[in-house]
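K.L.:
what's the 3D shape of this:
(one chain, ligands or ions: 1)
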Amino acid sequence: MSVAQYDAIWLNARLFTASHHGIIEDGALAIIGDKIAYCGTRADLPPYNASQTYDCAGRWITPGLIDCHTHLVFGGNRANEFEMRLNGATYEQIAKAGGGIVSTVKATRETPLETLIEQALPRLDCFINEGITTIEIKSGYGLDTKTEVKMLKAARALAKKRGVNITTTFLGAHALPLEANGDKDAYIDLVCNEMLPAIVAECLADSVDAFCEGIGFSVAQTRRVFEAAHKYNLPVKLHAEQLSNLGGAIMAAEFNAQSCDHIEYIDEAGVKAMAGAGSVAVLLPGAYYFIREKQKPPVSLFRAHNVPMALASDCNPGSSPMLSLLLTLNMGATLFSMTVQECLEAVTINAAKALGQAAHIGSLETGKFADFAIWNVENINELVYFIGRNPLHQRIFRGKA
Ligand SMILES: [Zn+2]
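P.N.:
Numbering: from 1, shown residues only. Purely as a prediction, here's the structure:
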């Protein structure tokens, strides 16, 4: 009988697999190189040798957590407009007053590449310290070719500074820069004909996103961005129906969007379109909380139409200065009434789907990357229940601690 040769094995663990295997009590997880070679009960283990054996003492193992929507790279911060918000100014009022995104654009343009990387690292470390092994980072604070390229280069560079999988998203259609003088169509020309080709030439983006909203871009303008993205075979995702229901998600479905994000105001027709396209609903309770929105995303509609739900930090300086995915989990449960299981799947397998990477990451399954987190918790609910406690015991990325 052949004997399996594992590089390492973790025994006496409870596994939240985020796969059809569900929860496995008295589980074992073994790796060969950077891949999972066994995930199941200890009783079913084949005969094996392992170079290293770890006793988890009953701790829980989950897939490495995935934050599938962030704006982690940016210049400056917006602590100065925080009190304006507290005094009741809305997202739209701050944007119209020349604050908001425009002030971050100015700071990001003025910040050199190396400084952008340096300033993003401590934020990235907040996530890594909570067991995150994959994080998505968007551009969108440059709004000119040079700075959009710089932001995406910074995002790519971060992956060389830390053991973490980073996916990048070009979000040139995030806001209108001041120099566009209100001409959104001409700016979309620039996004499609100059920025995107420059970014594709240097392979800086894994997907393309846009902000489809009254204060962002119309459905027709967003469609042009998506057509350009598809010309370069880049998948798309969308900031949609955050402040109103423009029907962005229905249009995005025509392009088989990986995800529609925010979607507090989406209606049933939009949810059905997402279901048909296989788009993931990426819910961002940090932004909902921080800008004190009243409209919650229709979680029951996503359930009814089997639209997978993900949760993400939306880490950004304006509407969600959120540096904790564990707090995001708690908010998904307390603010959006998601179940513990939904919350955990929302930052593992469903977040992987939102990034188009579910074949490789997001669950504990043989053949997937050995990205996982070991937690000092008795009950898996603790990951969602506690506020301000980080129970991470160990984080494994591509088979390495
Ligand atoms: Zn966002």
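
K.L.:
just the strands in the stretch 51-200 of the chain please.
P.N.:
Remark: strands assigned in the stretch 51-200 of the chain by DSSP state E, counting those that start in this stretch are 60-63, 65-67, 132-138, 165-173.

K.L.:
Strand partners (parallel or antiparallel) of the first one?
P.N.:
Under the criterion DSSP bridges, strand 60-63 sits next to strand 4-16 (parallel), strand 372-375 (antiparallel) in its sheet.

K.L.:
Please work out the average pLDDT along the next helix-or-strand element following the longest one.
P.N.:
Under the assignment DSSP states H and E, the closest C-terminal helix or strand after strand 4-16 is strand 23-32. On average, the pLDDT along strand 23-32 is 98.

K.L.:
pull the CA atoms of strand 23-32 into CSV?
P.N.:
Listed next in CSV are the C-alpha coordinates belonging to strand 23-32 (Å, rounded to 0.1, in the frame of the first residue of the first chain):
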residue,chain,number,x,y,z
ILE,A,23,-17.7,21.4,9.2
ILE,A,24,-15.4,18.5,10.1
GLU,A,25,-14.8,17.7,13.7
ASP,A,26,-11.6,15.9,14.7
GLY,A,27,-10.2,16.9,11.3
ALA,A,28,-6.8,16.8,9.7
LEU,A,29,-5.3,19.1,7.1
ALA,A,30,-2.1,18.1,5.2
ILE,A,31,-0.1,20.0,2.6
ILE,A,32,2.4,19.2,-0.1
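
K.L.:
now the angle from the helix or strand following that strand to strand 23-32?
P.N.:
In the C-terminal direction, the helix or strand that comes right after strand 23-32 (DSSP H and E) is strand 35-41. For strand 35-41 against strand 23-32, the angle by axes from the mean of the first three to the mean of the last three CA atoms, to 10 degrees is 150 degrees.

K.L.:
For strand 35-41, buried residues please.
P.N.:
Across strand 35-41, burial judged by 16 or more other CB atoms under 10 Å covers Lys35, Ile36, Ala37, Tyr38, Cys39, Gly40. C-betas here are computed from N, CA, C, even on glycine.

K.L.:
hey, where'd the strands end up in the stretch 301-401 of the chain?
P.N.:
Applying DSSP E, counting those that start in this stretch to the stretch 301-401 of the chain gives strands spanning 309-311, 372-375, 392-396.

K.L.:
Partner strands of the longest one and their direction?
P.N.:
Within its sheet, and counting by DSSP bridges, strand 392-396 is paired with strand 372-375 (antiparallel).

K.L.:
who's in contact with the strand it pairs with?
P.N.:
Residues outside strand 372-375 that contact it (CB atoms under 8 Å, 6 or more residues apart in numbering): 10, 13, 29, 56, 59-65, 131, 133, 364, 382-383, 391-396.

K.L.:
PyMOL command for the buried members of those?
P.N.:
Here is the PyMOL command that selects the buried residues among the contacts of strand 372-375 (16+ other CB under 10 Å):
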select buried, resi 10+13+29+56+59+60+61+62+63+64+65+131+133+364+382+383+391+392+394+395+396
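
K.L.:
can you list contacts of the strand or helix carrying Asn49?
P.N.:
According to DSSP H and E, Asn49 maps onto strand 48-55. Contacts of strand 48-55 with the rest of the structure, by CB under 8 Å, 6+ apart, involve Val3, Ala4, Gln5, Tyr6, Asp7, Ala8, Ile9, Trp10, Leu11, Asn12, Ala30, Tyr38.

K.L.:
try 10 Å
P.N.:
Residues from elsewhere that reach strand 48-55 (CB atoms under 10 Å, 6 or more residues apart in numbering): 2-13, 28-32, 37-38, 374, 394, 401.

K.L.:
Mind giving me the ChimeraX command for buried ones among these?
P.N.:
Of the contacts of strand 48-55, the buried ones go into a single ChimeraX selection, burial set by 16+ other CB under 10 Å:
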select :6,7,8,9,10,11,13,28,29,30,31,32,37,38,374,394
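
K.L.:
where does the protein dip in pLDDT?
P.N.:
Residue ranges of the chain with pLDDT under 70: 1, 91, 98.

K.L.:
give me phi/psi at the closest residue to Asp125 other than its chain neighbours?
P.N.:
Counting by CB to CB, 6 or more residues apart in numbering, Arg162 is the residue found nearest to Asp125 once chain neighbours are left out, at 7.4 Å. In terms of degrees, to the nearest 10, the main-chain angles of Arg162 are phi -140, psi 160.

K.L.:
tell me which residues of the strand holding Asn49 are tucked away?
P.N.:
Tyr48, Ala50, Tyr54.

K.L.:
Ok, stretch 268-283 next?
P.N.:
Of the residues in stretch 268-283, Gly270, Val271, Lys272, Ala273, Met274, Ala275, Ala277, Ser279, Val280, Ala281, Val282, Leu283 count as buried by neighbour count, 16+ other CB under 10 Å.

K.L.:
got it, and stretch 9-27?
P.N.:
Residues of stretch 9-27 classed as buried: 9-11, 13-19, 21, 24, 27 (neighbour count, 16+ other CB under 10 Å).

K.L.:
Also stretch 176-185?
P.N.:
For stretch 176-185, by 16+ other CB under 10 Å, it's Leu176, Pro177, Ala180.

K.L.:
I'd say Leu325 and Glu130 touch.
P.N.:
Yes: the pair Leu325 / Glu130 is scored as a contact, 5.6 Å apart, by CB atoms under 10 Å.

K.L.:
Who has more neighbours out of the two?
P.N.:
Legend: neighbour count by other CB atoms under 10 Å for Leu325 and Glu130, higher for Leu325 (26 against 23).

K.L.:
Now for that one: which residues touch it?
P.N.:
If you count contacts by CB under 10 Å, 6+ apart, Leu325 has them with 65-67, 70, 126-127, 130-132, 135, 286, 311-313, 315, 346-347, 351, 383.

K.L.:
Just the buried ones among those residues, please.
P.N.:
Neighbour-count burial (16+ other CB under 10 Å) applied to the contacts of Leu325 gives 65-67, 70, 126-127, 130-132, 135, 286, 311-313, 315, 346-347, 351, 383.
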